[in-house]
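Q: sequence and predicted structure are below.
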Amino acid sequence: MIRYIYASQLDAHAELAAEMFRDRAAQFRDRMGWDVTVDDLGWETDQYDAIDPLYVIAEDEDGHHAGSVRFLPTTGRTMLGEIFPHLMGGAPIRSPLIWECTRFCLSPKAAYGKDGAGVAQKLLLGGLQLGLEMGCTHSLGVFDRPMVRVYRRLGWSPEVLGSQDGISAGIWELSEGVADHFCGALGIDRAEAKGWLDASLSTLTPAATPVALPVRA
């Protein structure tokens, strides 16, 4: 299952949020060696988690965090706009039709298990379905250069906009055809994928002011 949750709504999903942030630490600090901030409880968070991003979260069969990705509108603050503008020639992309996608994360169980590719494809489908519902045309992201090969294997390659020191910026075109491709790869129909989002739409409301993350547990 895919859940769509704004940061300001994570208190209602405290255990899932804790698993997500701990799995981010396991991936970005422990497996990839990134210089990220991890607190005493093992949560990896940054300044963009505090401005009410929208998370797309894949759950396993027991309801635990299997993978997640974070979305922010490019009309506001973004990682590429503030930290990596040089990857786009110093001119950040800003458009209501383009959202930034960052912190693409798989839980250790998914990353090292036989279902890792399926979880990754489900996350990409969930994000794609979200973008199409919102009327977006593209998604923008920053990633380690080797991820280009991973995205190609998964079946949705970005156009690389720029690279430096092993980090790349890329842009993905959103299309119904790509969504159909992922549904076929996952063995589900579009109605099921749309149902994930429909189940969240009634409560999917961003906060009016900056948010605090859930109480650590």
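A: Done, it's in.

Q: residues touching Ser157, list them.
A: By Cβ atoms under 8 Å, 6 or more residues apart in numbering, the contact set of Ser157 is Val148, Tyr151. Just so you know, the C-beta spots here come from the backbone N, C-alpha and C atoms, and that holds for glycine as well.

Q: how far away is it from Trp34?
A: According to Cβ to Cβ, to the nearest Å, Ser157 and Trp34 sit 23 Å apart.

Q: how about Gly135?
A: For Gly135, the distance to Trp34 equals 33 Å [Cβ to Cβ].

Q: more neighbours, the two?
A: Summary of the neighbour comparison: Gly135 and Trp34, criterion other Cβ atoms under 10 Å, with Trp34 having more neighbours (13 against 9).

Q: angles on the backbone of the more buried one, please.
A: phi -70, psi 150 (degrees, to the nearest 10).

Q: give me the nearest residue to it, chain neighbours excluded.
A: Nearest residue to Trp34 in three dimensions, chain neighbours excluded: Phe28, at 4.4 Å (Cβ to Cβ, 6 or more residues apart in numbering).

Q: the one you found: neighbouring residues, count only.
A: Other residues lying near Phe28 total 18 when counted by other Cβ under 10 Å.

Q: quick one: contacts for it?
A: By Cβ under 8 Å, 6+ apart, Phe28 lies in contact with Trp34, Val36, Glu44, Arg103, Cys105.

Q: and Leu140, what does it touch?
A: Leu140 is in contact with Thr74, Thr78, Leu80, Ile93, Ile98, Trp99, Glu100, Cys101, Ala169, Gly170, Ile171, Trp172, counting by Cβ under 8 Å, 6+ apart.

Q: switch the cut-off to 7 Å
A: Going by Cβ atoms under 7 Å, 6 or more residues apart in numbering, Leu140 touches Thr74, Leu80, Ile93, Ile98, Glu100, Cys101, Ile171.

Q: helix, strand or coil for it?
A: Look at Leu140: counting by DSSP: H, G, I helix; E, B strand; the rest coil, its state is strand.

Q: just Gly42 next, same as before
A: coil.

Q: can you tell me how far Gly184 is from Leu154?
A: Counting by Cβ to Cβ - Gly184 and Leu154 are separated by 13 Å.

Q: and if you look at Pro85?
A: Distance, Pro85 to Leu154, by Cβ to Cβ: 27 Å.

Q: compare neighbour counts for Gly184 and Leu154 and give me the winner.
A: Set Gly184 next to Leu154 and count neighbours by other Cβ under 10 Å: Leu154 wins out with 18 against 11.

Q: that'll do, ta.
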